[in-house]
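Asks: turn this into a structure:
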Amino acid sequence: MAHAIFWAALTCVLYVYFGYPLLLVAWSRLGRRQVKKRDWEPSVSLLIVMHNESKNVRGKLSNCLDLDYPKNKLQIIVSLDAPTDDTEALAREYSDAGVAVMCSHVRRGKAGAINSGMTMARGQIVVFADARQRFARNAVRELVANFADPSVGAVSGELMLMDGNGREASNAVGLYWRYEKAIRSMESDIHSVPGASGSIYAIRRELFRPLPGNTFLDDVTIPMRIVLSGKRAIFDSKARAYDCVTETPEQEYEKKVRTLTGNYELFAEMPQLLLPWRNPIFIQMVSHKAGRLIVPHCLGALFAANLFLLHGFYLLFFAGQLAWYGLAVMGWISSAQRFRRQAAPAAIPLAESRKQI
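Replies: Prediction:
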């Protein structure tokens, strides 16, 4: 029994992180679907949801007002979710520049704030953004160019994680994000991505339906509803937003916990995503999203089964597991940024999954 559990768990982990990407490489080369991008200028509503963002609101709105897009075709909406700091007052400073601000004094969560903001949206295309990240000047133009293709219903931009020197991050989080973006790019080439980057994505306004109040991951729920409706949700690396890499592994861990929790909620709310006859990207959804939920349990089963197989190859493998987790723990607790970035760059992502068991 221990042998069967060991190999089943190991196969699952290897498939999710290595086998699935290799499948995508072959699949994208055999069945790539081009997007017919064209430079055009539909009306756009840019929706930014904020709670307590007093330190980011001025920078974000200044960035949005400086975008390379016709001002008479760009509506900027700030939907505030019961802020308790100066966010509302600071946002209203931009009213004369054409920024529409709506504020709820009852906390409803991001989904509720999105629903409220969408009631004000007039654009053919709606772009969703977070408060902290900054858009490249051509980001909106690159996003909307994809909607010239009638098969496209949603577009995810690319979030660039930068280090303190203004270069793309090369630490554990940065490397893992590059790996993730490569997967999304291939999924997009085949059909659609099973989710978008919450800091920069866009949809056709007529395809939006109000979100349930308990929605955790709007950037997955909204695109996947669109995919189920028969349109594509694609990834465009030319539409970029920039952010500083998460400072600590603890913050990255909390982010991953929220994401995994949101994925559980997603499948509970939309079970049709796990039905191959309903979901046109069933393989991608199971391999990319559902697979990530199973991996922590597989890692636990792999470790437990290995305890009963301490001979030959299995003993060496167990020693490797101990070394792997040891490196990750040292990287996790070390206060030295240099050590966290160099000692265990590959071990941290999987160890984060293991820690969530």
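
Asks: can you map out the helices along the stretch 51-200 of the chain?
Replies: Along the stretch 51-200 of the chain, counting by DSSP state H, counting those that start in this stretch, helices occupy 57-65, 87-92, 109-118, 139-145, 172-190.

Asks: how about Asp236, secondary structure?
Replies: State at Asp236, reduced to three classes by DSSP: H, G, I helix; E, B strand; the rest coil: strand.

Asks: ok, it - contacts?
Replies: Counting by C-beta atoms under 8 Å, 6 or more residues apart in numbering, Asp236 touches 35, 142-143, 146, 155-158, 188. (Glycine included, C-beta is placed from N, CA and C.)

Asks: of all the helices of the stretch 51-200 of the chain, which one comes closest to Trp40?
Replies: Nearest of the helices of the stretch 51-200 of the chain to Trp40, taken as C-beta to C-beta: helix 139-145 at 6.9 Å.

Asks: just name whatever secondary elements the closest one is in contact with.
Replies: strand 44-50, strand 125-129, strand 152-162, strand 200-204, strand 232-244 (3 or more C-beta pairs under 8 Å, 6 or more residues apart in numbering; DSSP states H and E).

Asks: in its sheet, what does the last one sit against?
Replies: The partner list of strand 232-244 in its sheet, established with DSSP bridges, is strand 134-135 (antiparallel), strand 152-162 (parallel).

Asks: which residues are in contact with the first one?
Replies: Read that as strand 134-135. Residues outside strand 134-135 that contact it (C-beta under 8 Å, 6+ apart) are 59-60, 63-64, 67, 129, 200, 240-243.

Asks: low-confidence stretches in the stretch 51-200 of the chain?
Replies: Within the stretch 51-200 of the chain, the stretches with pLDDT under 70 are 164-174.

Asks: looking at this, Lys36 is in a strand?
Replies: No. Counting by three-state DSSP, Lys36 is not part of a strand but coil.

Asks: circling back to that earlier point, quick one: the strands paired with strand 232-244 as CSV, columns for mean neighbour count and distance to Lys55 too.
Replies: Shown next, in CSV, are the strands paired with strand 232-244 (neighbours: other C-beta atoms under 10 Å; distance: least, C-beta to C-beta, whole Å):
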stretch, mean neighbour count, distance to Lys55
strand 134-135, 24, 13
strand 152-162, 24, 18
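
Asks: so which of these comes closest to Thr11?
Replies: Among those, strand 152-162 comes nearest to Thr11, with 30.0 Å by C-beta to C-beta.

Asks: chain center to the closest one: distance?
Replies: 9 Å (C-alpha atoms, centre = their mean, to the nearest Å).
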